[in-house]
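Chemist: Sequence and predicted structure below; questions after.
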Amino acid sequence: MSVPLPFDHRTINSDGVNIRCAVAGEGPPLLLLHGYPQTHVIWHHVAPKLASDFTVVLTDLRGYGDSDKPAPGPRDLEYSKRAMARDQLLVMNALGFDRFGVAGHDRGGRVGHRLALDAPEAVSALAVLDIVPTRHAFEHADKDFGLGYFHWFFLAAGNGIPEHLIGADPRFWITTRMNARHHGGRPFAPAAVEEYVRCFSDPAAIAASCSDYRAAADIDLEHDNEGGLIEAPLLALWGSHGFVGRHYDVLDVWRQYARDVRGFALPCDHYLPEERPDEVAAALKDFFRS
């Protein structure tokens, strides 16, 4: 499924890892990052609305979509958010952008968080959609978190267990996981769901995504413990019906990690760009134009 605009689809080599991206529009550069278990297609409603004001860049994170999927190694360093963030920095540099805005949903928000810390000179502003920082989530995990975010622990399990079980029926995993976290917004576009299933049916994508979550429970926490505050302005959006909205004071949490924080909830669950695309596009336009 292509984003419904004449986006220029291309592949950019990021220090040996090919990253698939789509570019359109004019104006200040804005990088949009997707989450799990999706691809850049999650922005298919939002990106066209932003392309009238920004040069919009959509990418598939390494391990996802049609980007390369390096084999996981010791400690899953290949899928640390630091490595994934560097991919995005190199992609934007290759496109001629030294400084740009970043908006990330779910895993993409975590990549954006790390990018803003590791390359503050490059990130002019950061929007994070339906997340709190990884370190905060683990440090405050309880029974409700374990039940609501069981996939964090399932995907991080070793011995090939999640890879084998998901690989037996990736469509079931994708559709049930997504439908369980949808409430109060626009339904998922069937063509988008088919694209997610297509990409996730690749065993290498399943292995990479598990490595992504294993890194989050290990090397990413080590990097997070290095400290540092996000200097760029930060916008947090979240779904009022989702776990994040129901279990955290989202703005208060982010104010422990960033100097300039604003944001609000939308009447939906986890998949804001697909459930509430008009409101998401409007919020991102206002934020990144300011």
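Modeler: Sure, I can see it.
Chemist: if I look at the closest residue to G63 other than its chain neighbours, how far off is D202?
Modeler: Of all residues not flanking G63 in the chain, A208 sits nearest, at 2.9 Å (C-beta to C-beta, 6 or more residues apart in numbering). C-beta: built from backbone N, CA, C; applies to glycine. A208 sits 9 Å away from D202, taking C-beta to C-beta, to the nearest Å as the criterion.
Chemist: Neighbour count: the two, which is higher?
Modeler: A208 (24 against 16; other C-beta atoms under 10 Å).
Chemist: and that one, how far is that from E78?
Modeler: 8 Å.
Chemist: now do R135
Modeler: Per C-beta to C-beta, R135 is found 21 Å from E78.
Chemist: Where does pLDDT dip in the stretch 1-150 of the chain?
Modeler: 2-5 (pLDDT under 70).
Chemist: Quick one: the strands in it, in order.
Modeler: 8-14, 17-25, 29-33, 55-59, 100-105, 123-129 (DSSP state E, counting those that start in this stretch).
Chemist: what do A208 and E78 both touch?
Modeler: Residues touching both A208 and E78 (C-beta atoms under 8 Å, 6 or more residues apart in numbering): 62, 70, 72.
Chemist: can you list the residues you listed in TSV and add distance to A232 and neighbour count?
Modeler: Listed next are those as TSV, based on distance: C-beta to C-beta, whole Å; neighbours: other C-beta atoms under 10 Å:
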residue	distance to A232	neighbour count
R62	23	25
P70	29	18
P72	30	19
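Chemist: re the thing from before, residues shared between the contacts of A208 and D202?
Modeler: K69.
Chemist: picking that back up, tell me how far the residue nearest to G63 lies from D169.
Modeler: 18 Å.
Chemist: Just confirm S124 contacts L234, I think it does.
Modeler: No - contact criterion C-beta atoms under 8 Å: S124 and L234 do not qualify, at 11.4 Å.
Chemist: between the two, which one's more packed in?
Modeler: Neighbours per residue, other C-beta under 10 Å: of S124 and L234, the larger number sits with L234, 26 against 17.
Chemist: does the more buried one have beta-bridge partners, and which?
Modeler: When bridges are called by DSSP bridges, L234 pairs up with L126, V261.
Chemist: related to what we said a few turns ago, could you measure from the residue nearest to G63 over to D68?
Modeler: 9 Å.
Chemist: residues shared between the contacts of these two?
Modeler: R62.
Chemist: Around the closest residue to Q256 other than its chain neighbours, how many other residues sit close by?
Modeler: Excluding the flanking residues, the one nearest Q256 by C-beta to C-beta, 6+ apart is H136, at 7.3 Å. H136 has 16 neighbouring residues, counting by other C-beta under 10 Å.
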